[in-house]
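[1] Here is my input, please return the structure:
(one chain, ligands or ions: 1)
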Amino acid sequence: MTAAVIDGKAFAAGLRARVGEQARAFEAAAGRKAGLAVVLVGEDPASQVYVRSKGKATLEAGMASFEHKLPADTAQADLLALVAKLNADDAVDGILVQLPLPSGLDEKTVIDLIDPDKDVDGLTPLSAGRLASGLPGLVPCTPLGCLMLARDRLGDLTGKEAVVIGRSVLVGKPVAQLLLAENCTVTIAHSRTRDLAQVVRRADIVIAAVGRAEMVTGGWIKPGACVIDVGINRLPPGEGEAKGRLVGDVDFASASAVAGSITPVPGGVGPMTIACLLRNTLVAARRRAGVRGEEI
Ligand code: GUN
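    A predicted model of the protein is given here:
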């Protein structure tokens, strides 16, 4: 192996500690804690785990956590009423509606109702438009985590060739915008891209966000490239040694023989998402309260 393994867990722990310090400074200046509201509809086991760890991390960072758990058969109107109530609640700086919503609920309508100034997930059309227009706003957490890791590893990203594999609203599109804002030359590749391996091979920075287990192999990687793997895929239980393992979108074994640096799965991008959510909550709280603070 030649690649340095990027320790996202350690980076995220440091970021959470910095957010915690700044959250205390915010509380002293504003006379109240920064607050994050998380809405979970239904009983999806993975979502329950995410929501629990988000609540725990929020409290650990010295912020107020408001959890709203609703049954799977919640009516659209009731969910919209809750979001409207959170929009109007001054103690709430950030609102996160855990996705996916149970069938029968319209995600787009629910997300669209979130006050863009409380949109700590960066998912509303206004947040996406602000990002694309270079205006200040809240940026989706996983893309921000990817950017922080790449910048920590490579320093100034100006002029670098970045290839993003995947064009989702949650990751691919926003991470491409963030890299563009850092003066990278950005290519967004996707399932219809012709000769994907050839496109990826020119990248100094690869962001893999397709959701296909171990699709990107060492042969696709330019020697020395920085590889950021957003994928979290569970291999089927029956596959010999692999049985039920969590793997990324990148084949770590072959890619790490060629890359300059690479994020592992788990322990790479994953831990950055919650850390960035806390960071966004603090940024939203400062803006809403008119309190200034250190860049984080
Ligand atoms: N479900 C999986 N990832 C996310 C995320 O980043 N935000 C929300 N709201 N739901 C998710």
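
[2] show me where the chain has helices.
    Secondary structure of the chain (DSSP state H): helices located at 8-30, 45-60, 76-88, 107-113, 125-133, 141-154, 172-181, 196-200, 252-255, 270-289.

[3] any idea which of those is most buried?
    When you average the neighbours per residue for each of the helices of the chain (mean count of other C-beta atoms under 10 Å), helix 270-289 leads with a mean of 24. Every C-beta, even on glycine, is put in place using the N, C-alpha and C of the backbone.

[4] what's the angle between that helix and helix 8-30?
    Relative orientation of helix 270-289 versus helix 8-30 (axes from the mean of the first three to the mean of the last three C-alpha atoms, to 10 degrees): 10 degrees.

[5] re the thing from before, possible to save the helices of the chain as CSV with mean pLDDT and distance to the ligand?
    Formatted as CSV, those follow (pLDDT from 0 to 100; distance: least, C-beta to the nearest ligand atom, whole Å):
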stretch, mean pLDDT, distance to the ligand
helix 8-30, 98, 14
helix 45-60, 97, 6
helix 76-88, 98, 12
helix 107-113, 98, 8
helix 125-133, 98, 12
helix 141-154, 98, 6
helix 172-181, 98, 11
helix 196-200, 98, 24
helix 252-255, 98, 22
helix 270-289, 98, 6
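
[6] Columns distance to H68 on top of the ones you listed, output as TSV?
    Shown next, in TSV, are the helices of the chain (distance: least, C-beta to C-beta, whole Å):
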stretch	distance to H68
helix 8-30	21
helix 45-60	10
helix 76-88	6
helix 107-113	13
helix 125-133	21
helix 141-154	19
helix 172-181	25
helix 196-200	41
helix 252-255	38
helix 270-289	16
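
[7] quick one: which of these is nearest I221?
    I221 lies closest to helix 252-255 among the helices of the chain, at 5.3 Å (C-beta to C-beta).

[8] Which of the residues in stretch 181-195 are classified as buried?
    E182, C184, V186, T187, I188, A189, T193 (16 or more other C-beta atoms under 10 Å).

[9] Who are the contact partners of the fifth one?
    Right, I188. Residues counted as contacts of I188 (C-beta atoms under 8 Å, 6 or more residues apart in numbering) are V164, R167, G172, K173, A176.

[10] Would you mind giving both backbone torsions of the closest residue to the ligand within the stretch 51-200 of the chain?
    In the stretch 51-200 of the chain, the residue that lies nearest the ligand is L99 (3.6 Å; C-beta to the nearest ligand atom). Per-residue torsions, L99: phi -110, psi 150 (degrees, to the nearest 10).

[11] burial of it, as a residue count?
    Neighbour count for L99, taken as other C-beta atoms under 10 Å: 15.

[12] show me the contacts for L157.
    By C-beta under 8 Å, 6+ apart, the contact set of L157 is A150, R151, L179, E182, N183, C184, I205.

[13] Got the confidence number for it?
    Looking at L157, its pLDDT is 98.

[14] Check the gap between it and C146 for me.
    Distance, L157 to C146, by C-beta to C-beta, to the nearest Å: 12 Å.

[15] which residue packs closest to K160, ignoring adjacent ones?
    The shortest distance from K160 to any non-neighbouring residue, by C-beta to C-beta, 6 or more residues apart in numbering, is to D204 (4.2 Å).

[16] and L154, what does it touch?
    Counting by C-beta under 8 Å, 6+ apart, L154 touches K160, D204, I205, C226.

[17] related to what we said a few turns ago, with distance to E43 added, can I get the contacts of I188 in CSV?
    Listed next are the contacts of I188 as CSV, based on distance: C-beta to C-beta, whole Å:
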residue, distance to E43
V164, 33
R167, 30
G172, 29
K173, 30
A176, 34
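
[18] what residue is smack in the middle of this structure?
    In the chain, the residue lying closest to the centroid (C-alpha atoms, centre = their mean) is T142, at 1.4 Å.

[19] Next up, the contacts around that residue.
    L170, V171, V175, V230, V269, M272, T273, C276.

[20] Distance-wise, check A46 relative to S53.
    11 Å.

[21] Equivalent analysis for I165, please.
    27 Å.

[22] V19 reaches R279, doesn't it?
    Yes. Under the criterion of C-beta atoms under 8 Å, V19 makes contact with R279 at 5.3 Å.

[23] so what's in contact with these two at the same time?
    I296.

[24] how far away is D229 from T263?
    Taking C-beta to C-beta as the measure, D229 falls 5 Å from T263.

[25] Need the overlap of contacts for these two.
    Jointly contacting D229 and T263 under the rule C-beta under 8 Å, 6+ apart are G248, V269.

[26] quick one, what contacts the nearest residue to the residue of the stretch 51-200 of the chain closest to the ligand once chain neighbours are set aside?
    In space, L99 comes closest to E107 once its chain neighbours are excluded; the distance is 6.2 Å by C-beta to C-beta, 6+ apart. By C-beta under 8 Å, 6+ apart, E107 lies in contact with L99, P100, L101.
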